[in-house]
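>>> Fold the following for me, if possible:
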Amino acid sequence: MPKVALIGAGSAVFAQRVITDILAIDGLDAGTFALVDLDSVRLELIHEVAEQTIQSAGKTWTVEATTSRRSVLAGCDYVFNMIEVGGLANVHSDYAIPLKYGVDQCIADTIGPGGIFKYLRTAPSWLAICRDIEELCPNALVINYSNPMSALVLTALRATSLHVIGLCQSIVQTAYELADYMDVPYEQMRYRCAGINHLSWYVTLAMDGEDLYPRLRRAAADPAIYEQNPIRFDLMHAFGYYTTESSGHVSEYVPYFRKRKELIEHYVSIEPDIVGGERASRWPANRIEHDKQLRDYLERERRGERAFYLDRGLDAGSYIIEGHALNRPQVIYGNVRNSGLIENLPANGCVEVACLVDGNGIQPLQFGRLPTQLAALNSAHMMMHELLVQALLDEDRKAALHALMLDPLTAAVCSLEEIRQLFDEMAATQQAYLPHFIL
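Residues are numbered from 1 along each chain as shown. The predicted structure is shown next:
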């Protein structure tokens, strides 16, 4: 019977999904969920949700809930990381301070000034968690959901001997969207993706031997389709391939779309979710609303009404457990070490590729070479990830500053001196949440 730890389980959106998906695995009827969070109120909420979901599913899993991860890590087979460090306290400064310097981010949690400072806040806690896993359950499969995904996974790969993979459902979710745009059955579509998290590419997109890209380009000529993802379609027209992350998010990864007010206004007029500060404006309220929704669901379940959806989602976490624990081979997309998997991206960096999962564990599949223009975009970000990991492991403030200097959106807007000032202001504002060497 597997033991599954969820670190940061109070971030109930991820935790509820993971718990529900695991309970939906056919033939995996018993095990233990170990829920860990420093926020005892939110921990108790997800504890109640887990107990009720188990009861609704008719399975015999047990639940442990604690604020001390070391008390439950021993014996864990799978450890999910979904921590958020200083998120609510800093979500507005992650957006507002860069905006003063002309850097207008959309999501600001993976790349750009907001993503870089989120890494600096999160990585020390993540590394401490990894050290505890190394000591208490070194053979566990470690599955990361926290952003910034690539830099955090790379940190664990460089600093520990753990079996780590990072998961994001954007590849599969986008594939369903593409099938809808082209009016083809998803089940008959074949695709191969590779790149880095939030900037992977559908290098192959086919059905019954037919290259689907001509059909996708024809679909993009329809304004009703183009307007759903204008930046992704513009990137496809420019670079030849469709990318895996939303228009708002991917607009932060390249220097073309957010460097002038009129550019942003143009795209926002097409797709409103591309607006600056989209995450900063919605996340705090969405978190309160989601918690309220969970409490309402619990109350309805106690009255005998079926409120929790028990269907399995697109997320790959449960498929890793099914493939490994039950030796049922699965193919998922994950963020792993580039041990020759993508030949023209930096060796030993973190890349996103297809992986086979079975009783032997997670086995990343070799992709080959990306088209050169795509590799160039990805390589630049991977160098930033290298600098962030160097900053953490060597306690090197200058390396973190260099990462911000190389950020494509920041560099498109700011001078070097402005970037130094931006870095210093963010560090001063967030000092209570940052490692000492950044201050």
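
>>> And the helix or strand encompassing Met383, what's buried?
When elements are assigned from DSSP states H and E, Met383 belongs to helix 372-394. Buried positions in helix 372-394, judged by neighbour count with 16 or more other CB atoms under 10 Å: 374-375, 377-382, 384-392. (Each C-beta comes from the backbone N, C-alpha and C, glycine too.)

>>> Following the chain onward from it, which element is next?
In the C-terminal direction, the helix or strand that comes right after helix 372-394 (DSSP H and E) is helix 397-406.

>>> residues in contact with that next one?
Residues outside helix 397-406 that contact it (CB atoms under 8 Å, 6 or more residues apart in numbering) are 113, 116, 120, 380, 383-384, 387-388, 390-391, 410-411, 416, 419-420, 422-423, 437-438.

>>> The helix holding Met383 packs against which elements?
helix 112-136, helix 149-159, strand 189-196, strand 199-207, helix 230-239, strand 350-358, helix 397-406 (3 or more CB pairs under 8 Å, 6 or more residues apart in numbering; DSSP states H and E).

>>> tell me which residues in the first one are buried?
Spelled out, that is helix 112-136. By 16+ other CB under 10 Å, the buried positions in helix 112-136 come out as 112-127, 129-130, 132-134, 136.

>>> The nearest residue to Val153 once chain neighbours are set aside pairs with what?
Spatial nearest neighbour of Val153, chain neighbours left out: Gly166 (4.1 Å); criterion: CB to CB, 6 or more residues apart in numbering. The bridge-partner assignment for Gly166, based on DSSP bridges, gives Asn144, Asn335.

>>> Phe257 versus Gly166, what's the distance?
25 Å (CB to CB, to the nearest Å).

>>> for the protein, what spans make up the strands?
3-7, 32-36, 62-66, 78-81, 141-144, 163-166, 189-196, 199-207, 210-211, 330-337, 350-358, 361-364 (DSSP state E).

>>> Serialize these to a markdown table and add fields for mean neighbour count and mean pLDDT.
As requested, the strands of the chain are exported to a markdown table (neighbours: other CB atoms under 10 Å; pLDDT from 0 to 100):
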| stretch | mean neighbour count | mean pLDDT |
| --- | --- | --- |
| strand 3-7 | 26 | 98 |
| strand 32-36 | 24 | 98 |
| strand 62-66 | 16 | 98 |
| strand 78-81 | 27 | 98 |
| strand 141-144 | 24 | 98 |
| strand 163-166 | 24 | 98 |
| strand 189-196 | 21 | 98 |
| strand 199-207 | 22 | 98 |
| strand 210-211 | 12 | 98 |
| strand 330-337 | 21 | 98 |
| strand 350-358 | 23 | 98 |
| strand 361-364 | 17 | 98 |
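
>>> Just send those back as JSON lines, with distance to Gly313 too.
JSON lines is the format used below for the strands of the chain (distance: least, CB to CB, whole Å):
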{"stretch": "strand 3-7", "distance to Gly313": "15"}
{"stretch": "strand 32-36", "distance to Gly313": "17"}
{"stretch": "strand 62-66", "distance to Gly313": "20"}
{"stretch": "strand 78-81", "distance to Gly313": "14"}
{"stretch": "strand 141-144", "distance to Gly313": "15"}
{"stretch": "strand 163-166", "distance to Gly313": "17"}
{"stretch": "strand 189-196", "distance to Gly313": "19"}
{"stretch": "strand 199-207", "distance to Gly313": "20"}
{"stretch": "strand 210-211", "distance to Gly313": "29"}
{"stretch": "strand 330-337", "distance to Gly313": "13"}
{"stretch": "strand 350-358", "distance to Gly313": "17"}
{"stretch": "strand 361-364", "distance to Gly313": "20"}
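
>>> for those strands, which one sits closest to Asn229?
Nearest of the strands of the chain to Asn229, taken as CB to CB: strand 199-207 at 12.8 Å.

>>> Now the closest one - C-alpha only, PDB.
Extracted as PDB, the C-alpha positions of strand 199-207 are listed here (Å, rounded to 0.1, in the frame of the first residue of the first chain):
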ATOM      1  CA  LEU A 199       7.800  27.100 -23.500                       C
ATOM      2  CA  SER A 200       7.600  23.600 -25.000                       C
ATOM      3  CA  TRP A 201       6.700  23.100 -28.700                       C
ATOM      4  CA  TYR A 202       4.500  20.800 -30.700                       C
ATOM      5  CA  VAL A 203       7.200  19.800 -33.100                       C
ATOM      6  CA  THR A 204       5.100  17.000 -34.500                       C
ATOM      7  CA  LEU A 205       1.300  17.400 -34.900                       C
ATOM      8  CA  ALA A 206      -0.300  14.700 -37.100                       C
ATOM      9  CA  MET A 207      -3.300  12.400 -37.700                       C
END
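
>>> That one versus strand 330-337: what angle between them?
Calculated by axes from the mean of the first three to the mean of the last three CA atoms, to 10 degrees, strand 199-207 forms an angle of 150 degrees with strand 330-337.

>>> Arg279: neighbour count?
Close neighbours of Arg279, defined as other CB atoms under 10 Å, add up to 20.

>>> per-residue confidence for it?
Each residue has a pLDDT score; the one for Arg279 is 91.

>>> what does Ala12 give?
pLDDT, Ala12: 63.

>>> Point out where this protein drops to low pLDDT.
For the chain, the stretches with pLDDT under 70 are 12.

>>> Please tell me how far Arg218 sits from Asp183.
Counting by CB to CB - Arg218 and Asp183 are separated by 11 Å.

>>> again with Glu301
Distance, Glu301 to Asp183, by CB to CB: 39 Å.

>>> So which of these two has more stuff around it?
Between Glu301 and Asp183, Glu301 has the larger neighbour count (other CB under 10 Å), namely 18 against 8.

>>> Is it correct that that one is in contact with Val49?
No - using CB atoms under 8 Å as the test, Glu301 is too far from Val49 to be in contact (9.4 Å).

>>> joint contacts of these two?
Listed as contacting both Glu301 and Val49 by CB under 8 Å, 6+ apart are Phe308.

>>> hang on, the earlier thing: mind checking which of the strands of the chain is nearest Leu154?
Closest to Leu154 of these is strand 350-358 (CB to CB; 4.2 Å).

>>> Mind giving me the packing neighbours of that closest one?
Judged by 3+ CB pairs under 8 Å, 6+ apart, the packing partners of strand 350-358 are helix 149-159, strand 189-196, helix 317-325, strand 330-337, strand 361-364, helix 372-394.

>>> That one to strand 199-207, inter-axis angle?
On the basis of the same axes, to 10 degrees, strand 350-358 is oriented at 50 degrees to strand 199-207.

>>> Out of the strands of the chain, which is closest to Tyr267?
With CB to CB as the measure, strand 199-207 is the member of those nearest Tyr267 (17.7 Å).
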